[in-house]
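A.B. asks: Sequence and predicted structure are below.
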Amino acid sequence: MKSQILLLSALVVSAIGCSKKNHSETNAVKGCTDPHSFNYNSKATENDGSCREMAGCLGYAAGLPNSGSLGNTLNNTQNDQFMSGEVGTQKNFWQGVNANVYILYEAKQDDRNAYASPDGNIFFGYYMFYYLVQQFSLLPDHSASPLPVDGVLAHEWGHRVQFTLGWTDYEQHSYKELEADFFSGYYMGLAKQWYWSQIQTYYSAIYASGDYDFNNPQHHGTPQQRLNAAYAGLQVAVYELNNNVHYTYAQLHQIFNSKVHTDIGARTSTDFKEVTYPANLSRTYIESLYPHP
């Protein structure tokens, strides 16, 4: 009898142990368990492979603790005035494509970011701004140039053009990013008349963030492709200025698609020919060529 009682107790303990294990497995919370990721979930107990790196056009998302917070100041009066002025200039340039621009306070200094959203916002990272100014803005006389900030903001406004017009006909995800680079170069030429020699160093450096992981849905294109796209956009702007041509967004989209497999996708040389602007351009003439829906 005693041995039977002991055997019964062992079976009960074994059953309880199995029950607890199954209950624990059932209640596992799946999510991103890497605290350095954009979408880190502090409540997750099991990594489900969804972690997203703090890089590229990820930006701000409410409820994701590592995405940062939003505001309207760079904590410097002069920089705030510059940023406000550039936002106003681009609002005027991108006709029919609205955007509310906010400062994104990234969670960490290494998580520099800028992002455009489908619902009409552009989030420009605080650390991104100061990184661009410190790394790429100094002119030979050591004064600060606004060029890098202009270019990144124009890239994100290029995404706003895509969202606004509902373009979905991209063969690859990278083409969407390359077109935003195309629009960035286009803006730098048409609105600012920058020469390629003035902006190539900046584009070469910032586009070093390009990659070769073609199966990655966040793929932005290789550094060479991104450089090619910006140069192609600049060339289109110069052509407009020299020939009094006024393109719509749809026409610019067609031009990009015609170049993506040739000038952008196939070019391997960084030996670009300098562009030539017409003399005595008036502001009225330049603004008459701004793109429109």
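C.D. replies: Good, I have the coordinates. Just so you know, these numbers come straight off a predicted model, no measurement behind them. Numbering: from 1, shown residues only.

A.B. asks: In stretch 196-206, which residues are buried?
C.D. replies: The neighbour-count check on stretch 196-206 (16 or more other C-beta atoms under 10 Å) flags 196, 199, 200, 202, 203, 204, 206 as buried. (Each C-beta comes from the backbone N, C-alpha and C, glycine too.)

A.B. asks: With stretch 268-283 instead?
C.D. replies: For stretch 268-283, a neighbour-count test (16+ other C-beta under 10 Å) marks 272, 275 as buried.

A.B. asks: Name the residues that touch it?
C.D. replies: Contacts with stretch 268-283, where a contact means C-beta atoms under 8 Å, 6 or more residues apart in numbering, come from 189, 193, 195-197, 200, 204, 224, 227, 231, 234-235, 238, 241-242.

A.B. asks: which stretches of the stretch 1-150 of the chain have low pLDDT?
C.D. replies: For the stretch 1-150 of the chain, the stretches flagged by pLDDT under 70 are 1-26, 54-58, 137-145.

A.B. asks: quick one, strands of it?
C.D. replies: 30-31, 46-47, 69-71, 100-105, 114-116, 121-125 (DSSP state E, counting those that start in this stretch).

A.B. asks: could you say what helices and strands the longest one packs with?
C.D. replies: For strand 100-105, the helices and strands in contact under the criterion 3 or more C-beta pairs under 8 Å, 6 or more residues apart in numbering; DSSP states H and E are strand 69-71, helix 77-93, strand 121-125, helix 126-136.

A.B. asks: Give me the contacts around the last one.
C.D. replies: In this case it means helix 126-136. The set of residues external to helix 126-136 that reach it, using C-beta under 8 Å, 6+ apart, is 74-75, 79, 83, 103-106, 108-114, 144, 147-149, 152, 201-202, 205-206.

A.B. asks: How about the longest one?
C.D. replies: Here helix 77-93 makes contact (C-beta under 8 Å, 6+ apart) with 73-74, 98-99, 101, 103, 124, 129, 133, 146, 149-150, 153-154, 157, 187, 190-191, 287, 290-291.

A.B. asks: Was I right to think residue 163 contacts residue 121?
C.D. replies: No: counting by C-beta atoms under 8 Å, residue 163 stays clear of residue 121, with 10.1 Å between them.

A.B. asks: Of the two, which one has the most company?
C.D. replies: For residue 163 versus residue 121, the count of surrounding residues by other C-beta atoms under 10 Å is larger for residue 121: 19 against 16.

A.B. asks: Give me the local confidence score for residue 203.
C.D. replies: For residue 203, the pLDDT comes out at 87.

A.B. asks: Could you find the closest non-adjacent residue to it?
C.D. replies: The shortest distance from residue 203 to any residue that is not its chain neighbour, by C-beta to C-beta, 6 or more residues apart in numbering, is 5.0 Å, and that residue is residue 230.

A.B. asks: Report whether the expected contact of that neighbour with residue 189 is present.
C.D. replies: No: using C-beta under 8 Å, residue 230 is not in contact with residue 189; the gap is 9.7 Å.

A.B. asks: out of those two, which sits in the busier spot?
C.D. replies: Comparing residue 230 with residue 189 by other C-beta under 10 Å, the one with more neighbours is residue 230, at 33 against 26.

A.B. asks: residues in contact with that one?
C.D. replies: Contact partners of residue 230, counting by C-beta under 8 Å, 6+ apart, are 151, 181, 182, 184, 185, 188, 199, 203, 207.
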